[in-house]
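Colleague: Could you work out the structure for the sequence below:
(2 chains)
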Amino acid sequence: MHLCRRCVSLLLSRPLLSAALQPSTHTLHQRSHHILLQPPVHRLTQRHSRETWTPCGRRNLTDHQAASPDVYNNKTDLAEREAEKHIVPFENLNVHQISNQESLSDMGLDAVVRPSPLQEISEEEAIQIQVPSALPPDSFTLKPYVDQSETLSKLVQLGVNLWELEQRPNVGSMLVRLDFHADVAPKLLFLKDLGVEESKLGTILTKNPFILTESLDNLEARVSYLKTKKFSQESVAVMVSKAPYLLNFSVERLDNRLGFFQKQLGLSAEKTRNVVTRLPKLLCRSLEPIKENLKVCELEFGFRGNEIQHIVTTVPKVLIANKRKLTQIFDFVHNTMDVPHSLIAKFPQVLNAKFLRIKERHLFLEYLGRAQYQPSQPNYISLDRLVFLPDDVFCSDVALATLEDFERFQKTL
Amino acid sequence: MTTKAARLFRRMDGLFAVYKPQGVHWKLIRDTIESNLLKELNSCPPPAPQLAVKFQLLSSGENNGSKDLILSPSMLPSLANHPLVTGPQFHKVHVGVGHRLDAFSSGVLVLGVGKGNYVLEHLCKSHVTRDYTLEGEFGRATDDFSDTTRVIEKTTYDHVTQDKLERVLAMIQGANQKALITYSQMDLRTQEAYELAVKGLLYPHGKSPPILTGLRCIHFNPPHFTLEVQCVNETQKYLRKLIHEVGLELRSSAVCSGVRRTRDGPFKAENALTRQHWTADCIIQAIAHFRKTTRKIRKSGMYRQTDGQLNSSAKIQEQIRSEIGQSDQEHVELTSPTSDRIVDRVAPGTG
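Modeller: From the prediction side, this is the model:
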């Protein structure tokens, strides 16, 4: 959870660097005196300290490159400074100032009179005092920055879940760096123009904060591409609300995906548009699992081409369902419940249901002797009624029993 | 001033039982229940936003008449404690599991919430037995003793009758009874030990292998048959192996098609929650229902001293058992492992 640390530490490392160098130049002089005066044993120990010192982090590399060649003298200082990494900048500046003045006095220049805090100063000088902000240089959460940052407070008012976003690596730092009027506002207006509801803006940004870093030209190009493919304005808005990452994909990728679906499923353009509007996640995910699911339907389950088309247009979720769970449900419905392929293709909602629900309801009906799934026979129970109805309606209408009976039966399974 | 969420959280302390469906790992159930409880807790309204002093450039009062902007303090709601910034109030609810059930089995699973987890420990150490219903099928043998895995062997079972099955079960029960006496480390020649054995209060002392304290056949319809078992220190795989061994003893083979736990100590299947009822209010109701039982378990755990004083702890257990038997007869007993029917069978078995 290195939230703002890297972005703020990048800013901090520069003053830290200069602060580190100042006292180190001071100690450099002291040590150089020591080296000249003392026997070589001292030098050996210093060299030893250089070899045992292990670099830790980017900052030391930058220090190493930027600092003077006698860098081993700096290292013990920096090692101490690593321990006190979280010091607030103005404390750093104070150290900087004091060491500066000490070095100056050591240098033997004219002594600078330090101002007393009780000394009276004029109004102009008072206005020129810069009070450093009390914001911590780095933090694990966005909490200390929310009140000060206009971007963050406006995002909270929109309904963006900042807590969820700061769990993701680097997103928090990115949000802190955004400028509301330059970056955020144009994209929000763009989304509003597209037709996305204001209540959904919060959830969209929570799922995909990178829509704020995407350039407006790219976003507009992708929307115009979708419109050339004859997606209406409302359907584009609905697709963006359901799949927030949609507009982050390039035009080539969207084109590739749409072409794949049209070719593989063999559907007309109108039907492909319908399927994609209802499940825009299809355009965002990788194609390999979808290809696997289609192969499973064709080869393992044994559905014919037109049956697969019907299933996909009715329940597009079958394309992105978990293969193992899908196989389990199909196995139970086809082999244990003895439902033929044609009936399953007619009611594909059963492939989308929870396995335990189907199993318990079927076993209950079997126990009661009402498990009749052939449309030609009397007391026929269609698969969608088996799966879709809530428990109480199922018990009263389909099974003709009470809810308590069903629960008691569940405890015998 | 407590918030609604804090009051709800304080009520989530105790033990309750859940009916685990077959095919589901016990950890999934524990996680589902924890997330349901957390959902309910975090859906309670958050506290009012805290006010912070902020200096704003506001126009000065009407006295001056000029439009000078001066810095003036005011109390404004601070966004730093907004739930979207701080995250949900509750991150974790401690939900613990008692005696576990593997994925193939179903049945009563005891869970403890909050402070009930300490009582779970007492339950596990106390002298409780568990009740199982095992369904078996003659004719096949598999490598995992269950009916879904690879079949190794197929045999005939026409020669198997109920009489032979009962004899085999009696023999198994005799062996287990001997094991129980050995592992209880009590000399049956003493009077106290004899009295405990008569009442059925013998219990293995320290670590022991699985011991069946009761075994009988409920249903026999070849190739299917159903056994009812009361046992201690068992695992579900041991029970499936038991079915396999019953098949072997009958010169046939058998697989186990279902292991169902109907009772775990004082927690019975009638009061266990089914899947539809795994919501926070049903769970809190169940905790309230089992509060007396939980208290008995905690007290019996407190009274148990060192392991050497088995007799005194058994006496206290008997007292508690009689108390429970008098007060609430529904969720009775830290169980009598030997009911009448099984005692009858022991005599011819061990003979």
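Colleague: Where does the prediction get shaky in the stretch 251-351 of chain B?
Modeller: B:303-351 (pLDDT under 70).
Colleague: how about the residue of the stretch 101-250 of chain A found nearest chain B, secondary structure?
Modeller: In the stretch 101-250 of chain A, the residue found nearest to chain B is A:W163; the distance is 3.6 Å by CB to the nearest CB. Glycine gets a C-beta too; all of them are placed from N, C-alpha and C. Under DSSP: H, G, I helix; E, B strand; the rest coil, A:W163 falls in the helix class.
Colleague: what residue is smack in the middle of chain A?
Modeller: A:R168 (5.0 Å; CA atoms, centre = their mean).
Colleague: Would you mind measuring from that one to B:Q236?
Modeller: To B:Q236, A:R168 is 41 Å away according to CB to CB, to the nearest Å.
Colleague: go on, A:Y245?
Modeller: From A:Y245 to B:Q236 the distance is 44 Å (CB to CB).
Colleague: Neighbour count: the two, which is higher?
Modeller: Taking other CB atoms under 10 Å in any protein chain shown, A:Y245 and B:Q236 do not tie; B:Q236 has more neighbours (21 against 17).
Colleague: picking up where we left off before, what values do phi and psi take at the closest residue to the residue of the stretch 101-250 of chain A closest to chain B other than its chain neighbours?
Modeller: Excluding the flanking residues, the one nearest A:W163 by CB to CB, 6 or more residues apart in numbering or on different chains is B:G87, at 3.6 Å. Backbone torsions for B:G87, taken as degrees, to the nearest 10, come to phi 90, psi -180.
Colleague: What parts of the stretch 101-250 of chain B come near chain A?
Modeller: Contact residues (CB under 8 Å from any CB of the partner chain) of the stretch 101-250 of chain B with chain A: B:S106.
Colleague: Looking at the stretch 101-250 of chain B, what residue ends up closest to chain A?
Modeller: Closest point on the stretch 101-250 of chain B to chain A, by CB to the nearest CB, is B:S106, at 6.2 Å.
Colleague: Residues of chain A that sit close to chain B?
Modeller: Counting by CB under 8 Å from any CB, the residues of chain A near chain B are A:141-144, A:146-147, A:152-153, A:156, A:159-164, A:355-356, A:360, A:391, A:407, A:410-413.
Colleague: Those residues in strands, which ones?
Modeller: Nothing among the residues of chain A next to chain B maps onto strands, per DSSP state E.
Colleague: Return the members of those residues classed as buried.
Modeller: If you count burial by 16 or more other CB atoms under 10 Å in any protein chain shown, the buried members of the residues of chain A next to chain B come out as A:141-143, A:146-147, A:152-153, A:156, A:159-163, A:355, A:360, A:407, A:410-411, A:413.
Colleague: Can you classify B:C44 as helix, strand or coil?
Modeller: coil.
Colleague: In this structure it contacts B:T3, no?
Modeller: Yes. Between B:C44 and B:T3 there is a contact at 6.7 Å, judged by CB atoms under 8 Å.
Colleague: list the contacts for A:F347?
Modeller: A:S382, A:L383, A:D384 (CB atoms under 8 Å, 6 or more residues apart in numbering or on different chains).
Colleague: From the residues you listed, list just the buried residues.
Modeller: A:L383.
Colleague: closest to A:S224 among the contacts of A:F347?
Modeller: A:S224 lies nearest to A:D384 out of the contacts of A:F347, by CB to CB, at 39.7 Å.
Colleague: element containing the closest one?
Modeller: helix A:383-388 (DSSP states H and E).
Colleague: Next, give phi and psi for B:T226.
Modeller: Torsion angles, degrees, to the nearest 10, at B:T226: phi -130, psi 130.
Colleague: Could you tell me how many residues sit around it?
Modeller: Using other CB under 10 Å: B:T226 sits among 17 other residues.
Colleague: beta partners of it?
Modeller: B:E135, B:H219 (DSSP bridges).
Colleague: For the stretch 1-150 of chain B, which residue gets nearest to chain A?
Modeller: For the stretch 1-150 of chain B, CB to the nearest CB, closest residue to chain A: B:G87, 3.6 Å.
Colleague: Show the contacting residues for the closest residue to A:Q233 other than its chain neighbours.
Modeller: If the residues on either side of it in the chain are set aside, A:Q233 comes closest to A:G195, at 5.6 Å by CB to CB, 6+ apart. Contacts for A:G195 (CB under 8 Å, 6+ apart) come out as A:Q233, A:E234, A:V236, A:A237.
Colleague: Skip the chain neighbours and tell me the closest residue to the second one.
Modeller: By the measure of CB to CB, 6+ apart, the closest residue to A:E234 outside its immediate chain neighbours is A:G195, 6.0 Å from it.
Colleague: now B:A179
Modeller: Closest to B:A179 by CB to CB, 6+ apart is B:I211, at 5.3 Å.
Colleague: these two touch, right, that neighbour and B:I181?
Modeller: No. Contact status for B:I211 versus B:I181: not in contact, 10.0 Å apart, counting by CB under 8 Å.
Colleague: Between the two, which has more neighbouring residues?
Modeller: Neighbours per residue, other CB under 10 Å: of B:I211 and B:I181, the larger number sits with B:I211, 25 against 17.
Colleague: Tell me the secondary structure of B:F104, please.
Modeller: Under three-state DSSP, B:F104 falls in the coil class.
Colleague: Contacts only, for it.
Modeller: B:Q22, B:G23, B:S146, B:T148, B:Q236, B:R240, B:V259.
Colleague: Next: A:T314.
Modeller: A:P348, A:Q349 are the contacts of A:T314 under CB under 8 Å, 6+ apart.
Colleague: quick one: the strands in the stretch 151-300 of chain B?
Modeller: Counting by DSSP state E, counting those that start in this stretch, the stretch 151-300 of chain B has strands at residues B:151-154, B:211-221, B:224-232, B:254-264, B:267-268.
Colleague: follow-up on the earlier one: show me which of B:C44 and B:T3 is the more surrounded one.
Modeller: Comparing B:C44 with B:T3 by other CB under 10 Å, the one with more neighbours is B:C44, at 16 against 13.
Colleague: which phi and psi does the more buried one have?
Modeller: Dihedral angles (degrees, to the nearest 10) for B:C44: phi -70, psi 150.
Colleague: Can you check the pLDDT for it?
Modeller: Looking at B:C44, its pLDDT stands at 89.
Colleague: Spell out which helix or strand contains the closest residue to it other than its chain neighbours, please.
Modeller: Nearest in space to B:C44, with sequence neighbours left out and distances taken as CB to CB, 6+ apart, is B:A5 at 3.8 Å. Assigned by DSSP H and E, B:A5 belongs to helix B:4-11.
Colleague: that older thread, identify the farthest-apart pair in the contacts of B:F104.
Modeller: B:G23 and B:R240 (15.2 Å).
Colleague: Around A:I320, how many other residues sit close by?
Modeller: 13.
Colleague: ok, now how distant is it from chain B?
Modeller: Distance of A:I320 to chain B, given as CB to the nearest CB, to the nearest Å: 22 Å.
Colleague: Dihedrals phi and psi, that residue?
Modeller: Backbone phi and psi, for A:I320 under degrees, to the nearest 10, turn out to be phi -110, psi 10.
Colleague: Surely it and A:S286 touch.
Modeller: No. Between A:I320 and A:S286 there is no contact under CB under 8 Å: 10.3 Å.
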